[in-house]
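Novice: mind folding the following:
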Amino acid sequence: MAKNGANKNNVPQSEKDTIAKRRELVARLRVRGLSCREIAEQLDNEARKTQPDGHGPDHATVARDLVAIRKEWQAS
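Specialist: From the prediction side, this is the model:
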């Protein structure tokens with residue numbers, strides 16, 4: 001790991017943690033039966049509650065998360 005906390009792909013550890021937390025939430029919502037678009041909407045609504053000028057991940061980000069989650073599940 002580099003001195004600035006980045007890993008070998010130059011992604012800071014804090015960003016990796018943020019992605020991991022988001023993917024955990026995306027996985028929970030998917031298991032509950034929500035569609036990709038519904039997950040994006042729910043995360044956006046939650047972000048707006050906690051950060052008035054904030055927004056959640058868009059549909060494309062959630063779709064990429066679901067692909068990554070699926071690959072992780074298949075590998076385990």
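
Novice: residues contacting the helix or strand where L66 lies, please?
Specialist: Using DSSP states H and E, L66 sits within helix 59-75. For helix 59-75, contacts defined as CB atoms under 8 Å, 6 or more residues apart in numbering pick out I19, R22, R23, V26, A27, R30, C36, R37, I39, A40, L43, P57. Every residue, glycine included, has its C-beta placed from N, CA and C.

Novice: can you list the buried residues in it?
Specialist: Judged by neighbour count using 16 or more other CB atoms under 10 Å, the buried positions of helix 59-75 are T61, V62, A63, D65, L66, I69.

Novice: just to revisit the earlier point, the contacts of helix 59-75, buried ones only, as a PyMOL selection?
Specialist: To isolate in PyMOL the members of the contacts of helix 59-75 that are buried, counting by 16+ other CB under 10 Å, one can use:
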select buried, resi 19+22+23+26+27+30+36+39+40+43+57
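
Novice: just put the contacts of helix 59-75 in TSV and tack on pLDDT and secondary structure.
Specialist: Formatted as TSV, those follow (pLDDT from 0 to 100; DSSP: H, G, I helix; E, B strand; the rest coil):
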residue	pLDDT	secondary structure
I19	95	helix
R22	95	helix
R23	97	helix
V26	97	helix
A27	97	helix
R30	97	helix
C36	96	helix
R37	96	helix
I39	97	helix
A40	96	helix
L43	95	helix
P57	93	coil
